[in-house]
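Visitor: Take this sequence and fold it.
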Amino acid sequence: MSAEDQAKKIVDKMYVNDAFSQWLGIEVLQSEKGSCKLKMVVRDEMCNGFGIIHGGVTFSLADSALAFAANAHGRLSVALECSISYPNPVNVGDTLFAEASEVSLSNKIGIYNIPVSNQNGDLVGVFKGSVYRTSKNWEV
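Guide: Prediction:
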């Protein structure tokens, strides 16, 4: 099996068992070892009391991109530390894109940048995440 096929199978397997990403309506546009691009449309029930998207939704979209990108290498990887900044608001009906890219990968730690943008290309989230890479391999 090619590396691309293995990465896709791992992400597909993760997504099938990820009820929260499914509830968010996340669509996987691209997945490879160390990178992933996701898409999501913002719904009414994702908003906070100010009428804009709850920051946790943007965080969760980026966190899913982190998980898919890191695990696509074939080793079970879990979030170690994550942070996000919100440079612009997100509104109902916006389409968000999260694109994970690998910054550093070692035997035990992976570091990723995940910018989140809307349909106009405006940056709405700046996410940085690190993962712990366990010794367990994915079986696909």
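Visitor: List the residues that contact the residue sitting nearest the centre point of the chain.
Guide: What sits nearest the mean C-alpha location of the chain, by Cα atoms, centre = their mean, is residue 65, with 1.5 Å. Contacts for residue 65 were tallied using Cβ atoms under 8 Å, 6 or more residues apart in numbering; they are 36-38, 98-100, 114. Heads up, the C-betas are built off the backbone N, CA and C, glycines and all.
Visitor: right, and the helix or strand after the top helix by length along the chain?
Guide: Longest helix of the chain, by residue count under DSSP state H: helix 55-71. The first helix or strand that comes after helix 55-71 along the chain, using DSSP states H and E, is strand 75-85.
Visitor: In the chain, which strand is the longest?
Guide: Looking only at the chain and at elements set by DSSP state E, the strand with the highest residue count is strand 123-137.
Visitor: in that strand, what's buried?
Guide: If you call a residue buried by 16 or more other Cβ atoms under 10 Å, then strand 123-137 has these buried ones: 124-125, 127-131, 133.
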